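Chemist: I'll drop the sequence and a predicted model, then ask my questions.
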Amino acid sequence: MSKSSPFRVCMLSFVLAAAPIAYADYTPSTPAETAKIPTYEEGMAAVKRKDWAAAAKHFESATVAAPKNADAHNMLGFSYRWLGKYKEAFASYDRAFAIDPNHRGAHEYVGVAHLKQKNVEKARWHLSQLERICGKQCEEYKDLERAIAEHTKAKG
């Protein structure tokens, strides 16, 4: 063992001990966690009906009930996008990314929102993030890739 080993062990112990504190207020975005938020489930039911105003209302409530839940913010952005409220949609996606920078659904949906705003470059950047996060075979990557291709084909 080198003379610096006790220092490294001490530092590693400090970092590991501090890690839970840094993430203590994070609410994991898992099906089990989102199922505990009644308004989230109501929002998903409204999405299935394509009732975007009701979905947005429910997801707004869900983000208040669980402000650190990336899925709730992502779905709020998704609902706003369908309502044509892009400023609000981008703000919701930004909140989802602040909680989980690797949120696959948010990268897909914000990419589509950028396409709706005719910003193919930003959509492609989110596609590259999806490739980094989950590869070219994940559903979110394939969906955004297809949306970009359709947008480009319709434009050209």
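Modeler: Yes, it's here.

Chemist: show the average pLDDT along stretch 139-153.
Modeler: Confidence over stretch 139-153 (mean pLDDT, whole number) is 96.

Chemist: which residues sit against it?
Modeler: Residues outside stretch 139-153 that contact it (Cβ atoms under 8 Å, 6 or more residues apart in numbering): 104-105, 107-108, 111-112, 115, 120, 123-124, 126-127, 130-131, 134-136. In this view, the C-beta of every residue, glycine as well, is placed from N, C-alpha and C.

Chemist: any idea how far Lys36 is from Ala65?
Modeler: Going from Lys36 to Ala65 by Cβ to Cβ, to the nearest Å gives 9 Å.

Chemist: let me fix that, I meant to ask about Cys134.
Modeler: 28 Å.

Chemist: grab the most central residue of this protein for me.
Modeler: Ala106 (3.2 Å; Cα atoms, centre = their mean).

Chemist: so it touches Phe97, yeah?
Modeler: Yes. Between Ala106 and Phe97 there is a contact under Cβ atoms under 8 Å: 6.1 Å.

Chemist: mutual contacts of these two, please.
Modeler: Jointly contacting Ala106 and Phe97 under the rule Cβ under 8 Å, 6+ apart are Ala70.
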